[in-house]
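**Student:** Sequence first, then the predicted structure:
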Amino acid sequence: MRDYEKSGIVTPAYVFDSKGVQGRVASVRRALGEARKICFAVKANPFFVEELADAVDFFEVCSPGEYDICRAAGIAAEKIVLSGVYKAEADVVRVIGECGERAVYTAESVSQMNLLERLAREKGVRLPVLLRLSCGNQFGMDEATVTSILTRKEGSYTQILGMQYYSGTQKKTEAVAREIGKLKAFAEQAAQAGTPLRRIEYGPGLRVNYFCGEEEEENRLGVFRELLDTLPEECEIVLEMGRFLAAECGEYCTRIVDTKSTQGNRFCIVDGGIHHLNYYGQMMGMKHPFLRRERADAAETQAYTAEDAQTSWTVCGSLCTSADVLVKNLPLQGVAAGDMLIFEKAGAYSVTEGIGLFLSRRLPRIYRLTESGELELLRDFIETSKINRKGVNVVWKNC
């Protein structure tokens, strides 16, 4: 259990564990077998890209910005998987110009496939392509469309590596088993049609337990490995993961700045809020995430569970909206302004999914917990008031 008070941390802030995320990837590899490749979804936490440069096999990028982050971190072209439901031609041209046929490109529609074929022909390269199979939403193509692309004469400027499939997040093993059965059946049909898949990139969306009292699935990775073993041996299996790798490797720190009692209800106001922290399934603070408190004098650290029966507080953020509730009925004793609340399992999405520009409050600091246990500042506060206006040199008229 880390002691942030003694480190001089300034809140609100995220702390991301560089050694922890590398260890997390290593443990997943051991559980699933070294033959499985791992693709890190950059959207889960772009601050882990550099940390994972040598730990994962691929990086899934879904926007020009994510591509810029990977290239700035020195990620090799061979590790780039250019994905996304929308790919502007200019952006694809740039990636082809810089990475060529060393990167992998996904096609989520017939028009995307046609774009890749045309650009490959114009640039004189042969692009590796994954066809995204849809689960019925706006992403990817249905089985008939994917099959039609597979079975038509392969163009001389693209090579179909296989398929990509991702249906969502926080899935239990039963749902994953159904999906793997679907992928197995499709791969077998493709092989029978004379177009065997060389690669299946699958995002299982394995569940992360964010809240106290949630049931933990026993031997989840062991069961998942057995399911993966049912896929055709000739297919290279690439597992696209984000939340499952990153969530446990980050924490969000926010400090109590005020306390009050209103009509018998006790409230803690913190310097952060829902614009910084977003747990999947949070439900207006009705569930209790895993967290602990460090007193301002660093004399005591307390962790809380759903069974604690003490004075209950509602933890609210600094936004002027009644929706800014982090936790309701949180058991706390001896609450004082200056105490720090540390929300665990905040390593995935929290840094990017919050409504960060609302109310023009500044974005939090971001620290990295180094291998030696020290905190390294990766990003200082960012004033969003500079973003939420026309420009720095504003001229007011008719005031």
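**Tutor:** That came in fine, so what should we check first?
**Student:** Which helix or strand lies directly C-terminal to the worst-scoring helix or strand of the chain on mean pLDDT?
**Tutor:** In the chain, no helix or strand scores lower on mean pLDDT, DSSP states H and E than strand 301-303, which sits at a mean of 61. Under the assignment DSSP states H and E, the closest C-terminal helix or strand after strand 301-303 is strand 312-316.
**Student:** For the next helix or strand after that next one, buried residues please.
**Tutor:** Counting by DSSP H and E, the element after strand 312-316 in chain order, helix or strand, is strand 325-331. Within strand 325-331, the residues scored as buried using 16 or more other Cβ atoms under 10 Å are 325-328, 330-331. The way it works is simple: take the backbone N, C-alpha and C, and place the C-beta from them, glycine included.
**Student:** Of those residues, just say which sits nearest to residue 68.
**Tutor:** Proximity of these to residue 68 (Cβ to Cβ) peaks at residue 326, which lies at 31.9 Å.
**Student:** What distance do you get for the residue nearest the centre of the chain to residue 350?
**Tutor:** Nearest to the mean C-alpha position of the chain, counting by Cα atoms, centre = their mean, stands residue 44 at 1.5 Å. For residue 44, the distance to residue 350 equals 10 Å [Cβ to Cβ, to the nearest Å].
**Student:** residues in contact with the host helix or strand of residue 93?
**Tutor:** If you go by DSSP H and E, residue 93 is part of helix 89-99. When contacts are defined by Cβ atoms under 8 Å, 6 or more residues apart in numbering, helix 89-99 is touched by residues 64, 67, 71, 77, 80, 82, 103, 105, 115-116, 119-120, 123, 125, 127.
**Student:** do stretch 357-364 as well
**Tutor:** So stretch 357-364 is contacted by 11-14, 252, 272, 275-276, 318-321, 356, 381-385, 387-388 (Cβ under 8 Å, 6+ apart).
**Student:** hmm, try it at 6 Å
**Tutor:** 12-14, 275-276, 319, 356, 381-385, 388 (Cβ atoms under 6 Å, 6 or more residues apart in numbering).
**Student:** Buried residues of it, list them for me.
**Tutor:** 358-359, 361, 363-364.
**Student:** Just the terminal-to-terminal distance for stretch 227-235.
**Tutor:** Start and end residues of stretch 227-235 are separated by 14 Å (Cα to Cα, to the nearest Å).
**Student:** Dump stretch 262-278 to PDB, keeping only the CA atoms.
**Tutor:** Extracted in PDB, the C-alpha atoms of stretch 262-278 (Å, rounded to 0.1, in the frame of the first residue of the first chain):
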ATOM      1  CA  THR A 262     -27.000  19.300   5.100                       C
ATOM      2  CA  GLN A 263     -30.300  18.000   6.300                       C
ATOM      3  CA  GLY A 264     -28.600  15.100   8.100                       C
ATOM      4  CA  ASN A 265     -26.500  14.200   5.000                       C
ATOM      5  CA  ARG A 266     -22.800  14.400   5.300                       C
ATOM      6  CA  PHE A 267     -20.800  15.600   2.200                       C
ATOM      7  CA  CYS A 268     -17.100  15.600   1.400                       C
ATOM      8  CA  ILE A 269     -16.100  17.900  -1.400                       C
ATOM      9  CA  VAL A 270     -12.900  16.900  -3.200                       C
ATOM     10  CA  ASP A 271     -10.700  18.800  -5.600                       C
ATOM     11  CA  GLY A 272     -11.400  16.300  -8.300                       C
ATOM     12  CA  GLY A 273     -14.600  14.700  -9.500                       C
ATOM     13  CA  ILE A 274     -16.400  12.800 -12.300                       C
ATOM     14  CA  HIS A 275     -14.500  14.800 -14.900                       C
ATOM     15  CA  HIS A 276     -11.400  12.900 -13.900                       C
ATOM     16  CA  LEU A 277     -12.600   9.500 -12.800                       C
ATOM     17  CA  ASN A 278     -15.000   7.200 -14.700                       C
END
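**Student:** Distance from the chain centre to it, please.
**Tutor:** 25 Å (Cα atoms, centre = their mean, to the nearest Å).
**Student:** Which residue is the nearest non-sequential neighbour of residue 330?
**Tutor:** Spatial nearest neighbour of residue 330, excluding adjacent residues (Cβ to Cβ, 6 or more residues apart in numbering): residue 313 at 5.1 Å.
**Student:** Give me the neighbour count for that neighbour.
**Tutor:** Using other Cβ atoms under 10 Å, residue 313 is surrounded by 21 other residues.
**Student:** and which of the buried residues of stretch 357-364 is nearest to residue 262?
**Tutor:** For those, the nearest to residue 262 is residue 359 (21.2 Å; Cβ to Cβ).
**Student:** So the closest one belongs to a helix, correct?
**Tutor:** Yes: with DSSP: H, G, I helix; E, B strand; the rest coil as the criterion, residue 359 is part of a helix.
**Student:** Now the lengthiest helix in the chain: buried residues?
**Tutor:** Scanning the chain for the longest helix, with DSSP state H as the assignment, gives helix 173-192. Across helix 173-192, burial judged by 16+ other Cβ under 10 Å covers 173, 176-177, 179-180, 183-184, 186-187, 190.
**Student:** cool, stretch 100-113 as well?
**Tutor:** 101, 103-109, 112-113.
**Student:** Now do that stretch: everything it contacts.
**Tutor:** 77-78, 80-83, 85, 116, 125-132, 140, 164.
**Student:** among those, which ones are buried?
**Tutor:** Buried among the contacts of stretch 100-113 by 16+ other Cβ under 10 Å: 80-83, 116, 125, 127-132, 140, 164.
**Student:** if we can go back for a sec, which of the contacts of stretch 357-364 are buried?
**Tutor:** Counted by 16+ other Cβ under 10 Å, the contacts of stretch 357-364 give 12-14, 275-276, 319, 356, 384 as buried.
**Student:** Among those residues, which are located in strands?
**Tutor:** Residues of those located in strands (DSSP state E): 13-14.
**Student:** Out of the buried ones among the contacts of stretch 357-364, which comes closest to residue 344?
**Tutor:** Closest to residue 344, out of all of these and judged by Cβ to Cβ, is residue 14, at 11.8 Å.
**Student:** low-scoring stretches of the stretch 101-250 of the chain, by residue?
**Tutor:** 153-155 (pLDDT under 70).
**Student:** now the helices: where do they sit in it?
**Tutor:** Here the stretch 101-250 of the chain has its helices, by DSSP state H, counting those that start in this stretch, at 110-123, 143-151, 173-192, 220-228, 243-246.
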